[in-house]
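Chemist: Kindly generate the corresponding structure for this input.
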Amino acid sequence: MLQMNDTLDKGTRSLENSRQVMDDLEASAMDVSSQLRSNRETLESAHNKLKNSNNLTSRARSVLRRMENREFRQKTAIYVALGVVALVILYMFYSILFKQTR
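Modeler: The predicted structure follows:
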């Protein structure tokens with residue numbers, strides 16, 4: 001009978017130890033789950049910020065492209081105007097010189 005009680009006590013202690021280990025594991029799992037949830041929120045926030053910066057970069061690239069196109073058109077217009085002025089000046093010199101020689 002005494003041996004049976006000892007065996008039951010050992011079994012009870014073993015079960016209690018097993019429950020304690022299970023409780024510790026459950027607490028650890030809950031902590032890990034909480035940390036993973038927090039990390040997920042951080043990653044989602046970073047992802048959204050990256051999307052926003054990508055949109056801003058695309059818009060800035062578009063603005064710069066339009067500025068470059070406008071600069072090219074303005075330079076072309078200036079060069080054309082300079083060419084026309086140069087041709088007019090050359091024509092004036094030619095007509096002055098040509099009229100004087102006659």
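
Chemist: and the most centrally placed residue in the chain, what does it touch?
Modeler: Taking CA atoms, centre = their mean, the centroid of the chain lies closest to Leu50, which sits 3.0 Å from it. Leu50 makes no contacts at all, as judged by CB atoms under 8 Å, 6 or more residues apart in numbering. Glycine gets a C-beta too; all of them are placed from N, C-alpha and C.

Chemist: do you know how far it is from Gln74?
Modeler: Going from Leu50 to Gln74 by CB to CB, to the nearest Å gives 36 Å.

Chemist: just Tyr91 next, same as before
Modeler: 26 Å.

Chemist: what's the burial count for Leu90?
Modeler: Leu90 has 10 neighbours, counted by other CB atoms under 10 Å.

Chemist: Next, find the distance separating it from Val84.
Modeler: Counting by CB to CB - Leu90 and Val84 are separated by 11 Å.

Chemist: Give me the phi and psi angles of Val21.
Modeler: phi -60, psi -40 (degrees, to the nearest 10).

Chemist: what's the neighbour count on it?
Modeler: Neighbours of Val21 using other CB under 10 Å come to 10.

Chemist: Could you do the one 4 residues further on as well?
Modeler: Summarising burial for Leu25: neighbours were counted as other CB under 10 Å, giving 10.
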